[in-house]
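K.L.:
need coordinates for the following:
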Amino acid sequence: MSDACCGPTPPASADRAPEDDRPPTLWRVRELQFAAVAAVILAASWAISRAGADTVATAGELIAAAVAAATFVPSTLNNLRRRRIGVGTLMTIALVGAIALGQIPEAAMLAILFSIAEGLEAHAVTKTRRGLRALLSLVPPTVTVLRGGTETVLAPDGVVIGDTMVMRPGERAATDGIIARGSTNLDLSAITGESVPIEANPGDVVHAGAINGGGAIEVAVTAAAADSSLARIVHIVEEAQDRKGSGQRLADRIARPLVPSIMILAVLVAGFGAVLGDPMLWLERALVVLVAASPCALAISVPLSVVAAIGAASRNGALVKGGAAVEELGRIRVVALDKTGTLTAGTPQVVDVVTAAGVTRDDALAAAAALEARSEHPLARAILACTPTVVAADDVTAVAGHGLTGTIDGVAIRLGKPSWFDDDTFTDDVARLQSAGATVVLLDRAGILIAAIAVRDELRPEAAEAVRQLTALGIDTAMLTGDNALTAQALAAEAGITEVHAELLPEDKARLLAEIASGRKIAMVGDGVNDAPALATADIGIAMGAMGTDVAIETADVALMGEDLRHLPQVLAHARRARRIMVQNIGLSIAIIAILVPLAATGVLGLTTVVIIHELAEVLVIANAIRAARAKPLDGHTAAAPTPLSGTIHVSVAPPPHLDDACCAPQVNAREAGILQRPNLPIASPPTDSSKASAVELSSPCSPGCACCTPDNASSALEHRAR
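P.N.:
Numbers count the residues shown, from 1 in each chain. From the prediction side, this is the model:
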């Protein structure tokens, strides 16, 4: 904190070494230990002075000042050698000046209170970070694996890819894997924030931390414990906590020039005062001005709120990628939702098949399944589920926004939207099926329509409640879908959404966002893959059901780990509250400086009073920021991470890289800067300019004065922001 805008060295008390999993108690904070010792010495000195031993008392006061100053003076001198000045510089000057003027008790009190404020901040940050790392305690201390037909008990870090984990009822998964034998139900509430267990059968994915709620299963390990989805979540969120939002950059922009300005102001007060009156009096007032104008609270007002808010969201199943995302979420006034897989369950079923003369239902489904054999689209899964044996078609190509083409035994076939076909053979059937809320695809063989296949995806049971909660927050909703208008309108009415845009191409969704927003901040909610252009274009892109999906987690601004849509209004409400706290802290910090400086310059307040008020204000800012760590979980779910941390962390995960300059964002991971795209399907035609919006936007957060903004480092200090 002492040089929060000028490249601090990390305090010892804020050590984030993963192997240290002890509870972050106050008595272990180095700054508070030194402050306590100094306070005892100062109190003893005061008692000695009352007894008349002034020389001994003065020596005690100097010792108290030196002990408390040991927490920030060495780092200040180190920064000065690097030509960096900050809040610690101001406090050091004020401390030395007060001692030189004979105000030794006041100097000791200044050092003690400043150390207490630093210690409380370090404790708050450490507690929040360790609360997040408590997610790793969900991994069991031991795991049973099958090696050579024999069960062996190992530590989680001893499990390697290819091992087979044995999970008995009630046990947690030590890492990620795929069920090889057995069926069960898995409780993912600690990870996704949802309390309803899910059924799991051979071939289904098991994530680290999942509880086996049914029968014994064997799980083929697909990731080392340190690289599991749970460990990856912790690492990504820790990196996100170090990123800065616009509010923090605002605080930095104010604090950075404010420090040298305060020093100049103090010199002017002392200089002009010496001309007008007693030089020693005005020198004393100049020192008081230094303390009064120190932007301690301003420097920590936003980052502590960001750390607390992101940690709280992650413990309730939402990954928020940095301070910028927290602030943008707090400004959202419109939410655009994809239909398939977001508002609906994403598990459609074939409900009807209408065929031409001479074509059977099985023939039509077999031909459609041949085209969809390698597709991961929900509609494809519904068709494939109806076909016991699938022989993949040749030369399959995806035509963006329309459907698929290919050949079977040399005969051309097409499967896609009714609007893609000029033939009106099934017009009446399509209208009937769509009016019933089904999505209809037509099958063409050799240029002749042979079937209409109706698929329906039911609305999520909590969708209507989630929309009502968004409306209660004053947030408008809209549905964007590539499906037909009749189906979209039927589902939207059931969910309570009045604005519907249907039959859209991916680039159409991106283009419509600005129109829907009408100048307001808008968020796009989708699956993180098929809605890439819209997710990248929106102010905030939110990926639904992202648990275990690298692309969704690492490229979205926000990733909702579970499938419960109620997480959306929850995370929006939490972000609004966190943003209000940030604004409150910035306002309070600036107000304190604005009030104290003139009172200090005119001599109304002395050094002791200013020190007490200044440090109490800082403590108030810290306490207010910690409020952002509270987030209400969904009904029926209890947040997983214990606070304070009482369990043992069983997995070693490297901490995120420390920034040499607190005003510089971390370097962008190459995977984070990737372009979202639908896998395994070639695109028939080149993407339009609109579809290129799926590339995330990179921009530099640097401001003049940051070390990261030097020519050598500027290119590596880009901050990821998927707009």
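K.L.:
for this structure, what's the longest strand?
P.N.:
strand 448-456 (DSSP state E).
K.L.:
shaky segments in the stretch 1-150 of the chain?
P.N.:
Scanning the stretch 1-150 of the chain for pLDDT under 70 picks out 1-24, 26, 86, 124-137.
K.L.:
where exactly do the helices run in it?
P.N.:
Assigned by DSSP state H, counting those that start in this stretch, the helices in the stretch 1-150 of the chain fall at 30-50, 54-69, 73-81, 87-100, 104-133.
K.L.:
for the shortest one, name the packing helices and strands.
P.N.:
The contact analysis (3 or more C-beta pairs under 8 Å, 6 or more residues apart in numbering; DSSP states H and E) places helix 73-81 against helix 87-100. Backbone N, C-alpha and C define where each C-beta goes, glycine included.
K.L.:
picking that back up, now the helices of the stretch 1-150 of the chain in a markdown table, with distance to residue 514 and mean neighbour count?
P.N.:
Listed next are the helices of the stretch 1-150 of the chain as a markdown table, based on distance: least, C-beta to C-beta, whole Å; neighbours: other C-beta atoms under 10 Å:
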| stretch | distance to residue 514 | mean neighbour count |
| --- | --- | --- |
| helix 30-50 | 49 | 19 |
| helix 54-69 | 55 | 20 |
| helix 73-81 | 45 | 16 |
| helix 87-100 | 42 | 23 |
| helix 104-133 | 35 | 25 |
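K.L.:
so can I have JSON lines of these showing distance to residue 357?
P.N.:
Formatted as JSON lines, the helices of the stretch 1-150 of the chain follow (distance: least, C-beta to C-beta, whole Å):
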{"stretch": "helix 30-50", "distance to residue 357": "85"}
{"stretch": "helix 54-69", "distance to residue 357": "93"}
{"stretch": "helix 73-81", "distance to residue 357": "85"}
{"stretch": "helix 87-100", "distance to residue 357": "84"}
{"stretch": "helix 104-133", "distance to residue 357": "63"}
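K.L.:
out of these, flag the one nearest residue 343.
P.N.:
helix 104-133 (30.3 Å; C-beta to C-beta).
K.L.:
pretty sure residue 274 contacts residue 283?
P.N.:
Yes. Counting by C-beta atoms under 8 Å, residue 274 does reach residue 283; the two are 7.5 Å apart.
K.L.:
where does the prediction get shaky in the stretch 201-350 of the chain?
P.N.:
In the stretch 201-350 of the chain (pLDDT under 70), the answer is 233, 235-256, 346.
K.L.:
can you list the strands that the longest strand of the chain pairs with?
P.N.:
strand 349-355 (antiparallel), strand 439-445 (antiparallel) (DSSP bridges).
K.L.:
what sits up against the first one?
P.N.:
By C-beta atoms under 8 Å, 6 or more residues apart in numbering, the residues outside strand 349-355 that reach it are 361, 363-365, 382-383, 385-386, 426, 429, 433, 438, 450-457.
K.L.:
coming back round to it: quick one: which of residue 274 and residue 283 has more around it?
P.N.:
Per other C-beta atoms under 10 Å, whichever of residue 274 and residue 283 has more neighbours is residue 283, with 18 against 15.
K.L.:
for the residue nearest to the spatial centre of the chain, list each beta-bridge partner.
P.N.:
Centrality entry for the chain: nearest residue to the mean C-alpha point is residue 320, 1.8 Å, by C-alpha atoms, centre = their mean. Per DSSP bridges, residues listed as beta-bridge partners of residue 320: residue 558.
K.L.:
my guess is it contacts residue 572. True?
P.N.:
No. Look at residue 320 against residue 572 with C-beta under 8 Å: they stay out of range, at 10.7 Å.
K.L.:
would you turn the strands paired with strand 448-456 into CSV with mean neighbour count and distance to residue 63?
P.N.:
Below are those laid out as CSV (neighbours: other C-beta atoms under 10 Å; distance: least, C-beta to C-beta, whole Å):
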stretch, mean neighbour count, distance to residue 63
strand 349-355, 18, 79
strand 439-445, 24, 79
